[in-house]
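Engineer: Return a 3D structure for these sequence lines:
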Amino acid sequence: MAQSRRVERVAALIRREVSELLISGIKDERVQHGMVSVTSVEVAGDLQHCKIFVSVFGSNEDREVAMAGLQAASTYVKGELGRRLKMRRTPDVVFVLDRGLEKGNTVLGLLQRLEAERRERGADEGPADPAGGTDTDSETEV
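Structural biologist: Residues are numbered from 1 along each chain as shown. The predicted structure follows:
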């Protein structure tokens, strides 16, 4: 159980350090295409490998360019992590594109569109009867 807590702590530290590197450390211009943010970090149980999931806000071309820049900077990131975290062995770094936020934005856009269509249909049908009844209801009551 202690091992998994250590892995979680290392993942949190890597996430924080890589986020700082994205702001001020990585000088590659390709990384600045689109807005890049770290969404999560997965570290292997033996602390030898880590996957850094990043989200890139922008066009498909911006995503591809930013991911190429991140892959090129992975050795620099590994070196910086080794210096900052002072671990015996620094995990190998792999950047993975996370499309979760993109999918979430798509779903929110669809929900907003459905809400707008529902409002349009409600406006086209006219005001509803405040009593909730219709004329046919009063005829059937005897």
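Engineer: Please report phi then psi for A44.
Structural biologist: phi -70, psi 150 (degrees, to the nearest 10).
Engineer: And H33, by the same measure?
Structural biologist: H33 adopts backbone torsions of phi -70, psi 120, taken as degrees, to the nearest 10.
Engineer: wait, isn't it in contact with G69?
Structural biologist: Yes: the pair H33 / G69 is scored as a contact, 7.4 Å apart, by C-beta atoms under 8 Å. Glycine gets a C-beta too; all of them are placed from N, C-alpha and C.
Engineer: tell me the SS of K27?
Structural biologist: What DSSP: H, G, I helix; E, B strand; the rest coil gives for K27 is coil.
Engineer: and the residue lying closest to D28 once chain neighbours are set aside, what does it touch?
Structural biologist: Leaving aside its sequence neighbours, D28 sits nearest to G69 (C-beta to C-beta, 6 or more residues apart in numbering; 4.3 Å). Counting by C-beta atoms under 8 Å, 6 or more residues apart in numbering, G69 touches I26, D28, E29, R30, V31, H33.
Engineer: Check V18 too.
Structural biologist: Neighbour list for V18: V38, V41, I52, V77, L81 [criterion: C-beta under 8 Å, 6+ apart].
Engineer: so the fourth one, which of the three states?
Structural biologist: Remark: V77 carries the secondary structure label helix [criterion: three-state DSSP].
Engineer: Over to the last one?
Structural biologist: Local secondary structure at L81 is given as helix here, using three-state DSSP.
Engineer: With the first one instead?
Structural biologist: Under the three-state scheme (three-state DSSP), the conformation of V38 reads as strand.
Engineer: element containing the residue positioned nearest the centre of the chain?
Structural biologist: Per C-alpha atoms, centre = their mean, the C-alpha nearest to the average position across the chain is that of L101, at 3.7 Å. Following DSSP states H and E, one finds L101 within helix 100-124.
Engineer: Alright, calling it a day.
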